[in-house]
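Colleague: A predicted structure for the sequence below; I have some questions about it.
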Amino acid sequence: MYNKIAANSNLFTHADPMIGFEQVFMDVVKDEVTITIGWDIWSGCFVTANDPKGGPWIQQIGNYLDGQNYKYSNERK
């Protein structure tokens, strides 16, 4: 999933995903802004940035994830 988001958003992977028992995180960099895409058992899926300039990228990634969730939930019916 993370590689698809990075490819679709023209983001550049900063590091390999960090995978644990209860979480997974991956940092990507675009326009000198580090964006963290992750999932954990407390929050579910989340996207954050280290700079307010990341807002448009967060919105774009969020829209992509919403579309994937809608697509997945309809496939299960």
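Modeller: Cool, the structure landed.
Colleague: From now on I want contacts and neighbour counts done on CA atoms only, so please keep to that.
Modeller: OK.
Colleague: And the strands in the chain, which stretches?
Modeller: Under the criterion DSSP state E, the chain contains strands at 12-13, 18-19, 23-30, 33-40, 44-49.
Colleague: Please render those as JSON lines that adds mean neighbour count and distance to Asp66 to the earlier fields.
Modeller: Listed next are the strands of the chain as JSON lines, based on neighbours: other CA atoms under 10 Å; distance: least, CA to CA, whole Å:
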{"stretch": "strand 12-13", "mean neighbour count": "16", "distance to Asp66": "21"}
{"stretch": "strand 18-19", "mean neighbour count": "12", "distance to Asp66": "22"}
{"stretch": "strand 23-30", "mean neighbour count": "19", "distance to Asp66": "18"}
{"stretch": "strand 33-40", "mean neighbour count": "19", "distance to Asp66": "14"}
{"stretch": "strand 44-49", "mean neighbour count": "15", "distance to Asp66": "10"}
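Colleague: Make TSV from those and add mean pLDDT to it.
Modeller: TSV is the format used below for these (pLDDT from 0 to 100):
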stretch	mean pLDDT
strand 12-13	61
strand 18-19	82
strand 23-30	88
strand 33-40	90
strand 44-49	90
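Colleague: In a markdown table: the ones you listed, plus distance to Gln60.
Modeller: Formatted as a markdown table, the strands of the chain follow (distance: least, CA to CA, whole Å):
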| stretch | distance to Gln60 |
| --- | --- |
| strand 12-13 | 15 |
| strand 18-19 | 22 |
| strand 23-30 | 12 |
| strand 33-40 | 12 |
| strand 44-49 | 10 |
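Colleague: Out of the ones you listed, which gets nearest to Gly62?
Modeller: strand 44-49 (7.4 Å; CA to CA).
Colleague: what are the pairing partners of the closest one, and which direction each?
Modeller: When pairing is defined by DSSP bridges, strand 44-49 lines up against strand 33-40 (antiparallel).
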